[in-house]
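*Asks:* Structure for the following, please:
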Amino acid sequence: MGVKVTPILCDCTSQTQSLCPDKIKVDVVVGELSLQIDLEADIELDTPAIDIKDIDKKVFLEQCEFISVNNSSSNCDCGIVNGKVFLGGFVRKNIRYSAADCANDDGVCGEIRHCTVNVPFNCVVPVEDSNVSSSHVEKGTMDFHGRKLKEFNQSISEPYNEPVKCCIDQVTFKEKDLFRNQVPLSYGPKTEKSFCVIREKMVILVDLTLIQKRKVESCLIISSSSKC
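*Replies:* So this is what the prediction gives:
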């Protein structure tokens, strides 16, 4: 027999809190960082190629998770913390290449084909002196009553923090493409070779901005000297 729950009491009460009509929730920059991602991958084409025409690249982030590590060594007592950001995503690459469809002693002819692939990456980068709000669960009283432990009292205060989001400001690619397992054409010019595998070595420089939603007074955004 599985677990069974029998409701005994469910009641809700509320107390309206005074609210400044000019208080809003906005995105606040809580950190900035520059990181380097090193990637190496083999990309296999579906058709033998004799050269690469061009490669378009774009970075996509699928994961951005901030974890607080410890308090900052900064002398500023203003909630500055150190942490780490777990990043995950992929580089979308569109490769245009020349296929070797037909050849003779004078030359090689073929179509211009393309192949689109995603090269995944995962990494962890440190973030120093950020302004991320990352309060943890605080447990209050935890009391056992009676010699037979018939009661257990617990008081827990659990703050909920807005998640940290990553915004890409700039990406710079440094790469080298090596043609693997080149073989001479079975017919055609002796100087031409075909390949099906590209070994890609990439160094990606990324500038990121960390953003977190905060409650602020709108007058502070319009003018720092105004008062609500």
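*Asks:* how about the helices in the protein?
*Replies:* 218-222 (DSSP state H).
*Asks:* helices or strands up against the longest strand along it?
*Replies:* Longest strand in the chain, counting residues (DSSP state E): strand 23-71. With contacts taken as 3 or more CB pairs under 8 Å, 6 or more residues apart in numbering; DSSP states H and E, strand 23-71 sits against strand 81-99, strand 112-130, strand 165-180, strand 193-217, helix 218-222. Where C-beta positions appear, they are placed from N, C-alpha and C, glycine not excepted.
*Asks:* now for the ones you listed, which one comes closest to D22?
*Replies:* helix 218-222 (4.4 Å; CB to CB).
*Asks:* what about the chain, any weak spots by pLDDT?
*Replies:* Applying pLDDT under 70 to the chain flags residues 17-21, 71-79, 134-160, 218-228.
*Asks:* Would you reformat the helices and strands packed on strand 23-71 as a markdown table and include mean neighbour count and distance to I8?
*Replies:* A markdown table is the format used below for the helices and strands packed on strand 23-71 (neighbours: other CB atoms under 10 Å; distance: least, CB to CB, whole Å):
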| stretch | mean neighbour count | distance to I8 |
| --- | --- | --- |
| strand 81-99 | 18 | 42 |
| strand 112-130 | 15 | 45 |
| strand 165-180 | 13 | 41 |
| strand 193-217 | 17 | 36 |
| helix 218-222 | 13 | 45 |
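*Asks:* Including distance to L45, could the ones you listed go into a markdown table?
*Replies:* Listed next are those as a markdown table, based on distance: least, CB to CB, whole Å:
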| stretch | distance to L45 |
| --- | --- |
| strand 81-99 | 7 |
| strand 112-130 | 6 |
| strand 165-180 | 10 |
| strand 193-217 | 5 |
| helix 218-222 | 52 |
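*Asks:* So which of those is nearest C64?
*Replies:* Checked against CB to CB, the stretch from the helices and strands packed on strand 23-71 lying closest is strand 165-180, at 3.7 Å.
*Asks:* Quick one: residues contacting L35.
*Replies:* Applying CB atoms under 8 Å, 6 or more residues apart in numbering, we find L35 in contact with L87, C123, V125, L205, V206, L208.
*Asks:* Isn't the second one up against L61?
*Replies:* In other words, C123. No: contact criterion CB atoms under 8 Å: C123 and L61 do not qualify, at 11.3 Å.
*Asks:* Now the common contact residues for these two.
*Replies:* If you check C123 and L61 against CB under 8 Å, 6+ apart, the residues they both contact are L87, G88.
*Asks:* which residues are contacting stretch 187-203?
*Replies:* By CB under 8 Å, 6+ apart, the surrounding residues in contact with stretch 187-203 are 36-45, 47-50, 52, 91, 93, 95, 100, 103-108, 119, 173-185.
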